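Q: build me a model from this:
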Amino acid sequence: MSSAKIVLEVAGTALHKVKLIRPPTNFEDFRGSYVELYNRSLYREAGIACDFIQDDISTSSRHVLRGIHGDAKTWKLVSCLHGNFYLVVLDLDEDSPTCGKWTSFTLSDRNRLQVLIPPKHGNGHLVMSETAIFHYKQTTDYDRASQFTVLWDDPRYQIFWPATNPILSPRDRGTTP
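A: Alright, predicted model coming up:
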């Protein structure tokens with residue numbers, strides 16, 4: 001048996017403090033696949049010392065767009081459990097050198113990439129497969145009252161989305177408080 005040390009692959013992105021992560025174990029063979037989505041020790045060794053306390057999942061169908069949502073205190077670790085989606089992260093941290101900028105990623109059950117999103121950053125995702133399961137760990141309990149919403153097509157940010165007529169909730173259309 002190999003004694004090679006498992007190392008978490010963490011890369012910087014176009015946004016300050018947003019990280020792209022390749023999980024430490026991603027194995028596939030004739031039986032199926034095995035993925036280690038989180039290992040506290042390995043993440044801490046890689047400099048990610050977030051204390052995740054809650055896991056959430058949303059399931060959506062093709063062309064559903066959820067977000068852009070965030071708050072001022074929560075770190076999120078986002079991954080795709082099934083299908084694929086286009087993830088947008090928008091930096092709204094006034095102290096950040098990339099405030100007002102956005103970046104995007106395609107997350108899937110094939111590439112198993114994860115995105116670490118800091119507080120004061122919004123995120124939204126558009127489902128590109130027939131269905132997708134969006135998973136995230138977060139460092140705070142969910143508090144709807146502390147959430148902000150930025151409309152997916154807000155002209156200030158000129159965010160590219162690979163769909164022109166997504167399926168939106170009233171919140172994401174801007175028709176509810």
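
Q: give me the contacts around the longest helix that the chain contains.
A: Longest helix in the chain by number of residues (criterion: DSSP state H): helix 40-45. With contact meaning CB atoms under 8 Å, 6 or more residues apart in numbering, helix 40-45 is reached by 6-8, 24, 49-50. Where C-beta positions appear, they are placed from N, C-alpha and C, glycine not excepted.

Q: how far away is residue 95 from residue 72?
A: 11 Å (CB to CB, to the nearest Å).

Q: between those two, which one's more packed in?
A: Each of residue 95 and residue 72 has its neighbours counted (other CB atoms under 10 Å); residue 72 has more, 12 against 7.

Q: doesn't that one lie inside a helix?
A: No - counting by DSSP: H, G, I helix; E, B strand; the rest coil, residue 72 is not part of a helix but coil.

Q: thought it was touching residue 121?
A: No - with contact defined as CB atoms under 8 Å, residue 72 does not count as touching residue 121 (10.0 Å).

Q: show me the strands in this protein, by range?
A: Assigned strands in the chain, in chain order: 9-12, 19-22, 25-29, 32-36, 54-61, 65-70, 76-82, 84-91, 102-108, 114-117, 121-127, 131-138, 148-149 (criterion: DSSP state E).

Q: circling back to that earlier point, which of the contacts of helix 40-45 tops the neighbour count?
A: Counting neighbours by other CB under 10 Å, residue 8 leads those with 21 neighbours.

Q: dump the residue contacts of the nearest residue to that one once chain neighbours are set aside.
A: Excluding its sequence neighbours, the residue lying closest to residue 8 (CB to CB, 6 or more residues apart in numbering) is residue 46, at 4.2 Å. Remark: with contacts taken as CB under 8 Å, 6+ apart, residue 46 is in contact with 7-8, 10, 21.

Q: check residue 21 too.
A: Contact partners of residue 21, counting by CB under 8 Å, 6+ apart, are 8-11, 46, 48, 77, 113-116.

Q: spatially central, which residue of this protein would that be?
A: What sits nearest the mean C-alpha location of the chain, by CA atoms, centre = their mean, is residue 78, with 3.4 Å.

Q: beta partners for it?
A: residue 115, residue 136 (DSSP bridges).

Q: separation between residue 96 and residue 13?
A: Residue 96 sits 12 Å away from residue 13 when distances are taken as CB to CB.
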